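Peer 1: missing the sequence, but the structure's below:
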């Protein structure tokens, strides 16, 4: 942290305002921004709490959350509001809802494995068979299996052909369909075009591939993607708040935070051509669905992460092993690999897993590390032009783990569910 940012944080904590000289006409007070918190942060875990306060202060992030669990017990649950108090903004609680972006992917992978576990789906089945897709535009589409979709091995490269989840206007014009477009429109557009490389040849992150997994879940289960996940994954572990989000601020859930972005975009919700805040109507949130459409709180995410720790009511041991297994292309140069909705790395005696998420107005991070340590951090703003690096959050948090001398024993789970 720079000297200036430390000074600003100290001033914010103290609530300092500029002094007024004796005999001078009082100037209008300038309110210093301050971080207000809610929830529970034990003294033994104050280092994590301080990392979050500094992080949001330096980046001017108005809403954030942190939850920490160890060996199944939730030990810290915090909401953060950074504001100068000039606006009447609601507080952020440990159960406020945030868009979690790509942290949705491990949920989708778990839903796929639950269908496999129940004998309703095979990971080797081609997507063309499951969804009735034509391979006329590219016969290689028949080689795209469920397992390859999970591992981002489907053959699409957004750096070459762009990400179709963010091409609403292009797809609308190409298919001559009105806005908002549907997931079926996206599938029709992409299926009519060739793949960018051979399926299974290399890992290239694909939001579209995970959107297809959501379509597969619906086709095989006979339920909507959201309903299936709620019934088969969330209900068995007592999670009730999580749901698919909406695009517009007027559609937000009662406990959902307000998202922030400095950018505007032409609306994808209608054909008016109007310019809107990027985070509210500049992309289609329900279409993100299985790829990045869920709302959750940090405590929800650390609670759900437990289904990957050991066999339970959601996944058995074989399903967990398969989600975390190395893909057919092996490991990357840094020793990690992409499993089912998780980046994975082997460390002595443990598999560390993690994932980040981002979209306009959202940055999220979830990690499961050695010694049973899990944390989720959610923010209502992502890194944009002129802001500081957000990727430093992970090493900052990891550095605090070794500084904890005594871990709290009080489990906060029942307090926030």
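Peer 2: Now that the structure is in, tell me what you want to look at. Predicted, not measured: the structure shown is a model, and the values here were computed from it.
Peer 1: mind checking pLDDT for the closest residue to residue 279 other than its chain neighbours?
Peer 2: When the adjacent residues along the chain are set aside, residue 279 lies closest to residue 361, with 3.1 Å between them (Cβ to Cβ, 6 or more residues apart in numbering). Quick note: C-beta positions are derived from backbone N, CA and C, even for glycine. In the prediction, the pLDDT value recorded for residue 361 is 98.
Peer 1: now the one 3 residues further on
Peer 2: For residue 364, the pLDDT comes out at 98.
Peer 1: would you enumerate the residues in contact with residue 127?
Peer 2: Taking Cβ atoms under 8 Å, 6 or more residues apart in numbering as the criterion, residue 127 is in contact with 133, 141, 144-146, 149, 154, 212, 216.
Peer 1: just to revisit the earlier point, run a quick neighbour tally on the residue nearest to residue 279.
Peer 2: Counted with other Cβ atoms under 10 Å, the neighbours of residue 361 add up to 26.
Peer 1: right, and it touches residue 256 too?
Peer 2: No. When contacts are counted by Cβ atoms under 8 Å, residue 361 is not listed as touching residue 256 (11.2 Å).
Peer 1: sort out which residues of stretch 310-321 are buried, please.
Peer 2: Within stretch 310-321, the residues scored as buried using 16 or more other Cβ atoms under 10 Å are 314-315, 319-320.
Peer 1: excluding covalently adjacent residues, which one is nearest to residue 113?
Peer 2: With sequence-adjacent residues excluded and distances taken as Cβ to Cβ, 6+ apart, residue 113 is closest to residue 319, at 4.2 Å.
Peer 1: per-residue confidence at the one you found?
Peer 2: At residue 319 the predicted local distance difference test score is 98.
Peer 1: looking at the protein, which helix or strand is least sure?
Peer 2: Taking mean pLDDT, DSSP states H and E as the measure, helix 3-14 is the helix or strand of the chain with the lowest mean score, a mean of 33.
Peer 1: helices along this structure, start to end?
Peer 2: Assignment of helices within the chain using DSSP state H yields the ranges 3-14, 46-59, 105-117, 127-131, 146-150, 158-161, 168-175, 183-191, 207-221, 225-229, 285-292, 298-305, 317-324, 393-401.
Peer 1: pLDDT of the second one, averaged?
Peer 2: Mean pLDDT, helix 46-59: 97.
Peer 1: hang on, the earlier thing: how about a markdown table for the contacts of residue 127, with neighbour count, pLDDT and distance to residue 417 added?
Peer 2: Supplementary listing: those in a markdown table, determined by neighbours: other Cβ atoms under 10 Å; pLDDT from 0 to 100; distance: Cβ to Cβ, whole Å:
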| residue | neighbour count | pLDDT | distance to residue 417 |
| --- | --- | --- | --- |
| 133 | 20 | 98 | 40 |
| 141 | 21 | 98 | 43 |
| 144 | 24 | 98 | 38 |
| 145 | 22 | 98 | 37 |
| 146 | 24 | 98 | 32 |
| 149 | 25 | 98 | 32 |
| 154 | 27 | 98 | 36 |
| 212 | 26 | 99 | 32 |
| 216 | 23 | 99 | 30 |
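Peer 1: of those residues, closest to residue 84?
Peer 2: When the contacts of residue 127 are compared for distance to residue 84 (Cβ to Cβ), residue 212 wins out at 44.9 Å.
Peer 1: and residue 201, how far from residue 144?
Peer 2: Shown here: residue 201 relative to residue 144, a distance of 12 Å by Cβ to Cβ, to the nearest Å.
Peer 1: what does residue 311 give?
Peer 2: Between residue 311 and residue 144 the distance is 30 Å, computed by Cβ to Cβ.
Peer 1: can you give me the strands for the stretch 251-400 of the chain?
Peer 2: Secondary structure of the stretch 251-400 of the chain (DSSP state E, counting those that start in this stretch): strands at 264-266, 275-277, 294-296, 336-338, 343-347, 350-359, 362-369, 373-379.
Peer 1: could you export the ones you listed as a markdown table, including distance to residue 163?
Peer 2: Rendered in a markdown table, the data for the strands of the stretch 251-400 of the chain read as follows (distance: least, Cβ to Cβ, whole Å):
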| stretch | distance to residue 163 |
| --- | --- |
| strand 264-266 | 14 |
| strand 275-277 | 20 |
| strand 294-296 | 18 |
| strand 336-338 | 17 |
| strand 343-347 | 19 |
| strand 350-359 | 11 |
| strand 362-369 | 16 |
| strand 373-379 | 22 |
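Peer 1: closest one to residue 72 among those?
Peer 2: Minimum separation from residue 72 across the strands of the stretch 251-400 of the chain (Cβ to Cβ) falls at strand 373-379, 8.9 Å.
Peer 1: buried residues of the closest one, list them for me.
Peer 2: For strand 373-379, the neighbour count (16+ other Cβ under 10 Å) marks 373-379 as buried.
Peer 1: beta-bridge partners for the nearest residue to residue 80 once chain neighbours are set aside, please?
Peer 2: Of all residues not flanking residue 80 in the chain, residue 64 sits nearest, at 4.1 Å (Cβ to Cβ, 6+ apart). Taking DSSP bridges, one obtains residue 80, residue 379 as the residues bridged to residue 64.
Peer 1: wait, residue 64 touches residue 52, no?
Peer 2: Yes. In this structure, residue 64 is within contact of residue 52 by Cβ under 8 Å, at 6.1 Å.
Peer 1: my guess is residue 47 meets residue 402, correct?
Peer 2: No. Shown here, residue 47 and residue 402 do not form a contact pair, counting by Cβ under 8 Å, at 10.0 Å.
Peer 1: the two: who's more crowded?
Peer 2: Looking at residue 47 and residue 402 with other Cβ under 10 Å, you find the greater number of neighbours at residue 47, namely 15 against 7.
Peer 1: compare the helices of the chain and give me the one nearest residue 277.
Peer 2: Taking those one by one with Cβ to Cβ, helix 285-292 is closest: 13.0 Å.
Peer 1: chain center to the closest one: distance?
Peer 2: Averaged C-alpha coordinates place helix 285-292 at 11 Å from its chain's average position (Cα atoms, centre = their mean, to the nearest Å).
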